[in-house]
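S.K.: got a sequence here, can you build the structure:
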Amino acid sequence: MIAISNYKINKTLSWWTGALLLCASLTACSSDSTIQEEDVYDNLTPMTFGSSISQVAKARYTRSVSMLEAGFKVGTWKNFGNNSQQQVMNGYQVDFDATATPYRWNYDGVNGQVLRYWDLSAFPYEFRAVSPYFQGASIFSTGISLNLSDRPFLSQTYLNEVYNVTNQQGEPCVVAQVSRQKNGAVFEDRDELKNIEINTNEKANAVREVHMPFHHLITKVGFRIFIDDPQPSSPDYRVALKSVKISVVNADNNFVISSKSYTATNQQGLDHGTFSDNTTATGEYTLLQHGEYVGKNLRENLNRETALDLCPLYLQQIPQKDVQIHVEVEMQTDHLTNGVVDASNAFTYDSVLSLDKISTTGDRFTWEPDTRYVYFLHIPNLHKHTIFLDTCEILPWDEVQTSDIIIEL
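M.R.: Below you'll find the model as predicted:
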């Protein structure tokens, strides 16, 4: 979570004279309403990025936090949405320096950028950012446009315990959108992507820190499996998972595996935009495949709480609709006498997942951004050769925050 913090500046009398003259000349703006040089000197408080405190809303599932590992590109407007709207930061580059003081997130002097100052007569303010900073990110008052031809979003697969790409390789960027509005005697900050109020401490302070939580444009998918115990009274019985294959296809037979472009308008929401310049899979696309789980006895995995996690780090995917999930499983039961197998039976299961246990066509799932989907596969009776979707848990992903924060629980 990025924050803008207060910084009181003490200068000499000659500096004050120059500042007052500069303030008097700040009515001149460019034709695109971008403020030139330094912003209005109001209470001598510059917009400065620094560390912050995060308050995570209490929920059934706790939202985890990961650290922002790069700088970011930010666009800022004052009087946002009004006729007098002006851009304060036009795609500023903000760099992180772990050793710098007092502000570790710095833009002053980067690419010739100058400090911007709060104007207390110009609320609401709008802050939009993309991390990491890259030239292909364009931030507008009407939306965002991301040219990702050099590093696209990628579908993540897990084949024989090998991920095709790392999390960082598959997710080139994250986004943030925060507003500060005057509401009577207080100033309220909102995370516009989640439509929640944030940074509620010291709301009477118009120039307090502005927290900026970053969010994911992609989704995460996970799979877990459990069975009903076939022989509760027999300790000398083993259920081996011989192989698993999980593949996907969507209604248009064009499951997206790579995207080189992303655009979003205010009407869509910056995190619910359109992926384009896509590469798609023809037919079924294998997300997960694994041979025998050596030494694993599924009698240890008899409910959701103890279900075997088939991909512990999840699989990052590009959000899309009408996804069908095809599961193929091979299992073997062994009866042991004195540790030696004396009888075995093989079972195969082949199903298109559905929450309706009598469906033969399968459900069509929608994967939304910044969300985790955990599919629990259940085999209630080994001999009936049927595998069901017990449930699909839909969970929040995580906030991406600066690497210099205190987490307030």
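S.K.: for residue 91, helix, strand, or coil?
M.R.: Under DSSP: H, G, I helix; E, B strand; the rest coil, residue 91 falls in the strand class.
S.K.: in contact with it, which residues?
M.R.: Listed by CB atoms under 8 Å, 6 or more residues apart in numbering, the contact partners of residue 91 are 73, 74, 75, 137, 138, 139. Just so you know, the C-beta spots here come from the backbone N, C-alpha and C atoms, and that holds for glycine as well.
S.K.: is it fair to say residue 327 lies in a strand?
M.R.: Yes. Under three-state DSSP, residue 327 sits within a strand.
S.K.: who does it bridge with?
M.R.: For residue 327, the beta-bridge assignment (DSSP bridges) gives partners residue 246, residue 351.
S.K.: that one contacts residue 354, correct?
M.R.: No. Checked against CB atoms under 8 Å, the pair residue 327 and residue 354 is beyond contact range at 10.8 Å.
S.K.: who's more crowded, those two?
M.R.: Set side by side, residue 327 and residue 354 show more neighbours around residue 327, with 22 against 18, by other CB atoms under 10 Å.
S.K.: give me the pLDDT for that one.
M.R.: On the pLDDT scale, residue 327 is placed at 96.
S.K.: which residues does it contact?
M.R.: Contact criterion CB under 8 Å, 6+ apart gives 244, 245, 246, 349, 350, 351, 352, 353, 377, 387 as the residues in contact with residue 327.
S.K.: just the buried ones among those residues, please.
M.R.: When those are checked for burial by 16 or more other CB atoms under 10 Å, the buried set is 244, 245, 246, 349, 351, 353, 377, 387.
S.K.: ok, the fifth one to residue 288 distance?
M.R.: So the one you mean is residue 351. In this structure, residue 351 and residue 288 are 15 Å apart, going by CB to CB, to the nearest Å.
S.K.: do a quick rundown of the helices in the protein.
M.R.: For the chain, applying DSSP state H gives helices covering 13-24, 167-170.
S.K.: that older thread, adding pLDDT and distance to residue 284, write the buried ones among the contacts of residue 327 out as a markdown table.
M.R.: Converted to a markdown table, the buried ones among the contacts of residue 327 look like this (pLDDT from 0 to 100; distance: CB to CB, whole Å):
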| residue | pLDDT | distance to residue 284 |
| --- | --- | --- |
| 244 | 97 | 15 |
| 245 | 98 | 10 |
| 246 | 98 | 10 |
| 349 | 93 | 16 |
| 351 | 91 | 14 |
| 353 | 92 | 13 |
| 377 | 95 | 17 |
| 387 | 86 | 17 |
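S.K.: out of the residues you listed, which is nearest to residue 368?
M.R.: In terms of CB to CB, no member of those lies closer to residue 368 than residue 353, at 17.8 Å.
S.K.: how far does stretch 347-359 sit from its chain's centre?
M.R.: A distance of 30 Å separates the C-alpha centroid of stretch 347-359 from that of its chain, computed with CA atoms, centre = their mean, to the nearest Å.
S.K.: do I have it right that residue 152 meets residue 258?
M.R.: Yes. The pair formed by residue 152 and residue 258 meets the contact definition of CB under 8 Å, at 4.9 Å.
S.K.: more neighbours, these two?
M.R.: Of the pair residue 152 and residue 258, residue 152 is the one with more neighbours under other CB under 10 Å, namely 20 against 17.
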